[in-house]
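Trainee: After the sequence you'll find the predicted model.
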Amino acid sequence: MGIALSGGGDSTALLILTREALPEVELCAATVDHRLRTSSAEEAAQAGRLCREFDVPHEILPWEGWAGEGNLQAEARSARSALLADWAERNDLDHIALGHTLDDQAETVLMRLARGSGVDGLAAMAGRKASQGLTWLRPLLDTRRADLRAFLSERGIRWSDDPSNDDERFDRVKARRMGEELARLGLTPERLVRTADQMAMARDALNESAAAYLTRARVEQGDLLMPNPNRFPAPRDTLLRAFAHALCWVSSSVYRPRFEALTAMLDELEPGKAGTLHGCRISSEGTIWRVSREYAAVSDLATPPAMRWDKRWQFHGPTPPEGAHLAALGPIGLEECEDWRASDLPRPSLMASPALWLGERLLSAPLAGRPEGWTARLCHGQEHLVSTLRAD
């Protein structure tokens, strides 16, 4: 099991409590260094020293992807999740534990209430969630932040305080201040969390309906063929959930598309037409909607042959030559596959399919009828599509 160790009080307490509660479990920890403060490198190094004291292997994951534009906290959160998922894959980890507390949960409810969120948003964070091929755990959601710091102080263990936690430019800090005022009126963090628990039960029931709708879908060489919402009526919420989950499943995305874009696609896609959303291409083909990967979303994606491509394809076959890599087949590669029409997959789907390359030389395109001894296998199938929705 992995521990996401920021070096702050919550994750530091999580590391120690987990190490002591589960001595038989092989633990390792990772610290994401966002490199947004001059002190971040030393804080990451301090986290590493703490891990050595408890005999826990530790790795620092630097983030170099922010160009200074957009929502900083949202970008950092997304990058942190991706870096941890990649770290978990490299180290064969099945679970990653996160240090979110009851206070974090209450703040999340307030933030989402301010944004006008519905049932899913107000359900806040789950204690256990399957995503990106991992199980993410939040074992401290019933624990107050102050209690964890008291525990560390009693043990004489230091932690690092992130100064951004007091920067009122950020929504979470505003929610924290708002929560302090609301608690004086009786709306305590515990009551906010109770609301989140009730919303979570409602969300689970709604997800079950969407999962039942998706049992009529089928997976075809990476494309998802789902019932055309205009031909197979269902409650509005069921259709939106099923469609959003289908897009996330094909694109390997953690976050759902924006509600406005989702509803527009659901309402406006005409028979025989196609549109793009959330890194996917959606085409209306009679009684089905074909949800496939959008070529533009993967055109620059390249990985070593032994790694998953696009987080869902695995290549198998003879040892590839040195310097080979996996990338999208694309229009140029497709021109070299004379038998691609025999695959029964549309041209756009094949362009976004995985291929093995050596420089600009195409070595293999299994889905386009040119395997050359290799196969490309989808890591997840129909059962995973439905089970992950029920686990949300």
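Mentor: Nice, thanks for sending it over.
Trainee: OK, contacts around the most centrally placed residue in the chain?
Mentor: Central residue of the chain (C-alpha atoms, centre = their mean): V254, 2.9 Å from the mean position. Listed by C-beta atoms under 8 Å, 6 or more residues apart in numbering, the contact set of V254 reads S78, S81, S131, Q132, C248. Backbone N, C-alpha and C define where each C-beta goes, glycine included.
Trainee: Can you tell me which of these are buried?
Mentor: Neighbour-count burial (16 or more other C-beta atoms under 10 Å) is assigned, among those, to S81, S131, Q132, C248.
Trainee: Count the neighbours of the nearest residue to the third one once chain neighbours are set aside for me.
Mentor: The one in question is Q132. When the adjacent residues along the chain are set aside, Q132 lies closest to A85, with 4.2 Å between them (C-beta to C-beta, 6 or more residues apart in numbering). If you count neighbours by other C-beta atoms under 10 Å, A85 ends up with 20.
Trainee: Kindly provide the distance from A85 to I96.
Mentor: 8 Å (C-beta to C-beta, to the nearest Å).
Trainee: M226 too?
Mentor: M226 sits 30 Å away from I96, going by C-beta to C-beta.
Trainee: now Y213
Mentor: Here the distance between Y213 and I96 works out to 30 Å (C-beta to C-beta).
Trainee: And A30, by the same measure?
Mentor: Counting by C-beta to C-beta, the gap from A30 to I96 is 8 Å.
Trainee: A246 too?
Mentor: 25 Å.
Trainee: Go through the protein and flag its longest helix.
Mentor: Longest helix in the chain, counting residues (DSSP state H): helix 189-214.
Trainee: The nearest residue in space to K273 that is not next to it in sequence pairs with what?
Mentor: Distances taken as C-beta to C-beta, 6+ apart place S284 nearest to K273, at 5.8 Å, with adjacent residues excluded. Beta bridges link S284 to W289 when assigned by DSSP bridges.
Trainee: What helices and strands are in contact with the host helix or strand of R19?
Mentor: Following DSSP states H and E, one finds R19 within helix 9-21. Secondary-structure packing of helix 9-21 (3 or more C-beta pairs under 8 Å, 6 or more residues apart in numbering; DSSP states H and E): strand 2-4, helix 40-53, helix 145-155.
Trainee: redo that, cut-off 6 Å
Mentor: helix 145-155 (3 or more C-beta pairs under 6 Å, 6 or more residues apart in numbering; DSSP states H and E).
Trainee: pLDDT of the helix or strand following the helix it packs on, averaged?
Mentor: Following helix 145-155 in sequence order, the next helix or strand is helix 171-184 (DSSP H and E). Helix 171-184 comes out with an average pLDDT of 79.
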